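Student: one predicted model, sequence on top.
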Amino acid sequence: MGKMIYLDNAATTKTAPEVVEAMLPYFSEFYGNASTVYEFGGKSKEAVSKAREIIANAIGAKENEIYFTAGGSESDNWAIKAAAEAYRGKGKHIITSKIEHHAVLHTCQWLEQSGFEVTYLDVDEFGVVKLEELKKAIRPDTILISIMFANNEIGTIEPVEEIGKIAKEQGILFHTDAVQAFGQVPINVDELNIDMLSSSGHKLNGPKGVGFLYIRKGVKIRSFIHGGAQERKRRAGTENVPGIVGFGKAVELAMANMETRTAKERELRDYLMERVLKEIPFSRINGHRTNRLPNNVNICFQFVEGESLLIMLDMKGICGSSGSACTSGSLDPSHVLLAIGLPHEIAHGSLRLTLGEDTDREDIDYTVDAVKEIVTQLREMSPLYEDYMKKNGRQE
Amino acid sequence: MGKMIYLDNAATTKTAPEVVEAMLPYFSEFYGNASTVYEFGGKSKEAVSKAREIIANAIGAKENEIYFTAGGSESDNWAIKAAAEAYRGKGKHIITSKIEHHAVLHTCQWLEQSGFEVTYLDVDEFGVVKLEELKKAIRPDTILISIMFANNEIGTIEPVEEIGKIAKEQGILFHTDAVQAFGQVPINVDELNIDMLSSSGHKLNGPKGVGFLYIRKGVKIRSFIHGGAQERKRRAGTENVPGIVGFGKAVELAMANMETRTAKERELRDYLMERVLKEIPFSRINGHRTNRLPNNVNICFQFVEGESLLIMLDMKGICGSSGSACTSGSLDPSHVLLAIGLPHEIAHGSLRLTLGEDTDREDIDYTVDAVKEIVTQLREMSPLYEDYMKKNGRQE
Amino acid sequence: MYSEKVMDHFKNPRNVGEIENASGVGTVGNAKCGDIMRIFLDIDDNGIIRDVKFKTFGCGAAVATSSMATELVKGKTIQEALQVTNKAVMEALDGLPPVKVHCSLLAEEAIHAALWDYAEKNGIQIEGLEKPKNDISEEEEEEDY
Amino acid sequence: MYSEKVMDHFKNPRNVGEIENASGVGTVGNAKCGDIMRIFLDIDDNGIIRDVKFKTFGCGAAVATSSMATELVKGKTIQEALQVTNKAVMEALDGLPPVKVHCSLLAEEAIHAALWDYAEKNGIQIEGLEKPKNDISEEEEEEDY
Ligand SMILES: Cc1ncc(COP(=O)(O)O)c(C=O)c1O
Ligand SMILES: Cc1ncc(COP(=O)(O)O)c(C=O)c1O
């Protein structure tokens, strides 16, 4: 492989070498089942406990409020389906937003098939959930509000504190998908009145295939995966000890350097956005300008289609994404970009670049230069650009 | 740590060093998301494809019939809940057995709460499902038969071929939990008429936190974890690339040496059982004598309680289990031992020893000697033994 | 994801551009769905496609199928060009991922549209050519469980 | 899982055995639930527990609580022995896992049962001692979500 500039950290991240190192002993040395009587299994149990402690501390929770899962999608499914099951006696109404990850949206749609009613809140042009709409949407039978902490495509950070306050005042459960936010912005579940929170290891330099769901003490949701008595009888399945240990280590690292890391990313992010806006015509930034994830850039290039752009970037060694990686295989443009009001043809031309700890200014310069060149090239072969130019003349 | 003899391979196994080696590049080197456009992600995708191919070949399935999950519990939950959802139009009756793993049993119990009817078939004294009972249990509205391939506690292998035939004749879906059997006995899903099959990586020297569900083409069950389009839109969540790669490697290794490995285990297993029966009075073997997993020994020692036995074995460096590891934390004796007709007080005194590839005769001898000594010691302090002896005299 | 052939035609698309005063121009697809193809034909008096160019807004497969389709019709008679089906384009590209099959349909339609335009401009009828839809409706792919 | 104290009392249980012609013997629990404790008391004329032995069929916690309970009542007066609650036993063991708390209740009951037997044999009444249940019903643990 030649040069590679990895700018798809919102899709997944490199597992930090320290994380792999922390995991290694739990594969072939201390491989015991954490739910056993003998001391050898106790080593696994201790390791899991330690990871749980690190994670609980990172979000201001208690250890017995952290439940390990297989990732963000499972956590989202669990939180929403089990809340629906547990609180259906109270009501059948759920509130979420139009820009949630599919793990939330498809789960809600699934619930609609069995009689639940879901309000999908609009967002403003920056992708911010409208609080007034939220308040209006609340009904006596609303049992759950699920709004993401930060959006995975356009990086916008939602007004979680206000939402938590509203949910608490109304006595409604509040779940937040913090898969993108955790490790990027400080989170305290008590201060923010969060009842449930989803997270995924591989988004913050931890391993893939492990996540957690925070469930506030007193929230009476039950299991999603039924079976053995693991995770205080709430999540069955032999504990993924190496995965959990790695996740714990990743969180430890992320918490330790959050301030310096994100400060650097924020600077590079803003530099990238500025250069693009200045140097590439017919481009626009998606998402909130300042209230956004430190590492997220999302841009639309008019007259250009995203996948072509990605492949050409790939030819130059740059990994980026167009919409969420999870939606590839779909033909529709990103539901998030549509929700912030972009027309389909513009939404098709989006590019998401998400920075990592190791990204430097040189990477950004190289990337902007490449994007500039490619966009020009693609526009040259775009019938849309041709039409536009014929109508409006070559000058800009 | 001093000497350790690990005889709890049914709870979990050591991840083979070759497996760890195969996984390693996918943490920090080829860490790309398998569902991306760029070539870097293509490396992950290829690795996942290769693992899928190995696994499909191992059970005579097609590659697009293998769906990766987070483990056996998820696979069981998925198969049963999604089948119930998809076929509820046809009927609401499910047949399973009394000796299934809790991942099946608790899932069925959960379905009962929403109007499904479940028949829990009895087993005979050896733990074999009674085929006549199965036939009688079938109703016009039966939509699913879920019977495990081999039992995790007593090792009995079920008459899967006959069950598959019956299910096929009656046009009923057949799911089998092969978490313990896969890698230990040959499995061909076509020959056995299996429609869905659950497996878990860590039971055959693969990593924890990864499993698969085989779903026969044509079986129209949908997702259990909703969200992104991974696994042909049927199982959401960023692919656990290292876990899947490791699972593939483990299956490759297990298939390559199955015959020699299990022949050796079978011999040691029989040797262990013989020595115990001969040398320790008031002991009995649970499960089928011959039609059992090559590595499984399950014994009851009258007048003795299992946990005490385990702790004392642990003090001598021997890791064993009493009932399923997953049921620890529970106070009830194993539902499997009760189902084969053991009274509670005998069921409490069970010991499961499950051999691994590395187990040798010396280990077995050391273990039998230890068990003998400990059982004697525990009986000396057992009021049940005292009562029995007072009634029946010291001679045996 | 894509075959080498597809990648080759994407990376080095043949016949990109416009033909001024083309004999026929056809545009199909719509930006809403993310694919627009425009094909320019230069047809001589003998009904031979002397030159062909395209412009495409779309994914890698859209660009590659456009490129391949232009290659397949270049130098051919109108009747031969009509035989260039989406299957032929796909085969020439060593296949396409299932979700991208519609791109090859679009390429076929784009050629037909350009030929239709040529026919209309010249007041002739081309045997076997029906008025092309200017869009290929995107059917929800079948879940082939 | 268990504290060091529990493990110590499990590994080296104090006062295991029987007392022939004991002043009082109490057996509680049932094999169905996996725990049976039997306590033998040797009580002198001044009502002092001169010796105590136990036999237990049960888990690690059951053995350890039996052992600790015998230690706590040895050399004590009957009235003092009555004050040895399950809490006292648990504290002396540095705690027990929640699922094992019932073992300590069993130990308390076993002592009471042995004292009751002593009282009956001697036709006396011990103040504050109620007829012990011979079993501790296993309540489904609370799910403390
Ligand atoms: C028969 C059987 N089914 C299912 C499972 C669950 O597998 P896992 O713990 O990997 O989720 C196990 C193991 O615990 C098992 O032995
Ligand atoms: C906001 C958000 N939620 C949920 C998920 C799902 O997480 P995972 O793929 O780890 O299951 C993702 C990532 O894909 C995400 O970005």
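Tutor: Cool, got the structure. Ligands and ions are numbered 1, 2, ... in the order given.
Student: quick one: the helices in the stretch 201-350 of chain A?
Tutor: In order along the chain, the stretch 201-350 of chain A carries the following helices (DSSP state H, counting those that start in this stretch): A:230-233, A:241-256, A:258-279, A:306-315, A:335-339, A:344-347.
Student: which of those comes out lowest on mean pLDDT?
Tutor: Within those, the least confident segment by mean pLDDT turns out to be helix A:344-347, at a mean of 88.
Student: assign a three-state SS to the residue of the stretch 1-150 of chain A found nearest ligand 1, would you?
Tutor: Taking C-beta to the nearest ligand atom as the measure, the stretch 1-150 of chain A has A:Asn33 as its residue closest to ligand 1, at 8.2 Å. In this view, the C-beta of every residue, glycine as well, is placed from N, C-alpha and C. For A:Asn33, the reduced secondary structure class is coil; criterion used: DSSP: H, G, I helix; E, B strand; the rest coil.
Student: how about the helices of chain C, start to end?
Tutor: C:4-11, C:60-73, C:78-82, C:86-92, C:101-122 (DSSP state H).
Student: and these: which comes nearest A:Val179?
Tutor: Nearest of these to A:Val179, taken as C-beta to C-beta: helix C:60-73 at 28.4 Å.
Student: can you name the residues that contact residue 39?
Tutor: Picked chain A for this. Contact analysis of A:Glu39 by C-beta atoms under 8 Å, 6 or more residues apart in numbering or on different chains lists B:Asp314.
Student: you answered for a different chain; I wanted chain C.
Tutor: Under the criterion of C-beta under 8 Å, 6+ apart, the neighbours of C:Ile39 are C:25-27, C:52-54, C:66, C:69-70, C:110-111, C:113-114.
Student: one step back: switch the helices of chain C over to a markdown table; also include mean pLDDT and distance to chain D.
Tutor: Formatted as a markdown table, these follow (pLDDT from 0 to 100; distance: least, C-beta to the nearest C-beta, whole Å):
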| stretch | mean pLDDT | distance to chain D |
| --- | --- | --- |
| helix C:4-11 | 95 | 53 |
| helix C:60-73 | 96 | 50 |
| helix C:78-82 | 95 | 69 |
| helix C:86-92 | 95 | 56 |
| helix C:101-122 | 94 | 50 |
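Student: how far off centre is stretch C:9-26?
Tutor: 10 Å (C-alpha atoms, centre = their mean, to the nearest Å).
Student: wait, does it contact chain A?
Tutor: Yes. Looking at stretch C:9-26 against chain A by C-beta under 8 Å from any C-beta of the partner chain, the contacts come from C:10-11, C:13, C:16-18.
Student: and those residues, which two are furthest apart?
Tutor: Among these, C:Lys11 and C:Glu18 lie farthest apart (C-beta to C-beta), at 20.9 Å.
Student: residues making contact with stretch C:28-38?
Tutor: Counting by C-beta under 8 Å, 6+ apart, the neighbours of stretch C:28-38 from elsewhere in the structure are A:305, A:331, A:333, A:343-345, A:348, A:383-384, A:386, C:25-27, C:54-59, C:62, C:66, C:102-103, C:106-107, C:109-110, C:113, C:132-136, C:138.
Student: select from the contacts of C:Ile39 the one having the most neighbours.
Tutor: Neighbour counts for the contacts of C:Ile39 were taken using other C-beta atoms under 10 Å in any protein chain shown; the highest belongs to C:Ser66, which has 33 neighbours.
Student: related to what we said a few turns ago, what's the closest of the contacts of C:Ile39 to A:Ala263?
Tutor: Comparing these against A:Ala263 with C-beta to C-beta places C:Ser66 closest, at 45.7 Å.
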